[in-house]
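1. Using only what follows, build the 3D model:
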Amino acid sequence: MKIERQSDGESKIIWLIGRIRAGDLQLMKQEIGDCSEGTVVDLSEVTIVDAEVVRFLGTCEQSGARLLSCPPYVREWIQRERDQEQM
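-> Residues are numbered from 1 along each chain as shown. Modelled structure (predicted):
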C-alpha cells in the first residue's frame, strides 16, 4: 500500500494505491484524519481491500469525505455494509 497526499488549504486529497488491508488502517487513519467535508479519498489505483478497510471507507463517507473513483466492487461492498447496519 502507498498513500500520497495533497492539500490546498481548503481541502485535502488522499490517494490510496495498491492493496489495502486491515494492517494498514492505522496509517490510513493518521493520513486521512477526521474524514470531514473537504476530504477527498481517491481510490482510482486501489487493487484490493478487505472488510475492515471497506467499513472505514464507509464511515469516512458518512462523515463527509468524498470517495473519488471508487471501484464498483468497493462501492457495492460499502452499500451492503450500510444495509446490514440498518437491519
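2. How about the backbone phi and psi for the residue nearest in space to the middle of the chain?
-> Taking C-alpha atoms, centre = their mean, the centroid of the chain lies closest to L57, which sits 3.6 Å from it. Note on L57: its backbone torsions stand at phi -60, psi -40 [degrees, to the nearest 10].
3. What distance do you get for it to Q30?
-> Distance of L57 to Q30, given as C-beta to C-beta, to the nearest Å: 15 Å. The way it works is simple: take the backbone N, C-alpha and C, and place the C-beta from them, glycine included.
4. neighbouring contacts of the longest strand along the chain?
-> Criterion DSSP state E: the longest strand present in the chain is strand 39-49. For strand 39-49, contacts defined as C-beta atoms under 8 Å, 6 or more residues apart in numbering pick out 11-21, 32-33, 57, 60, 64-71, 74, 77.
5. Same check on stretch 70-80?
-> With contact meaning C-beta under 8 Å, 6+ apart, stretch 70-80 is reached by 43, 46, 49, 51, 54, 57-58, 61, 67.
6. measure the residue nearest to the centre of the chain to E10 for me?
-> Separation of L57 from E10 (C-beta to C-beta): 22 Å.
7. Could you list the buried residues of stretch 13-27?
-> For stretch 13-27, a neighbour-count test (16 or more other C-beta atoms under 10 Å) marks 13-16, 20, 24 as buried.
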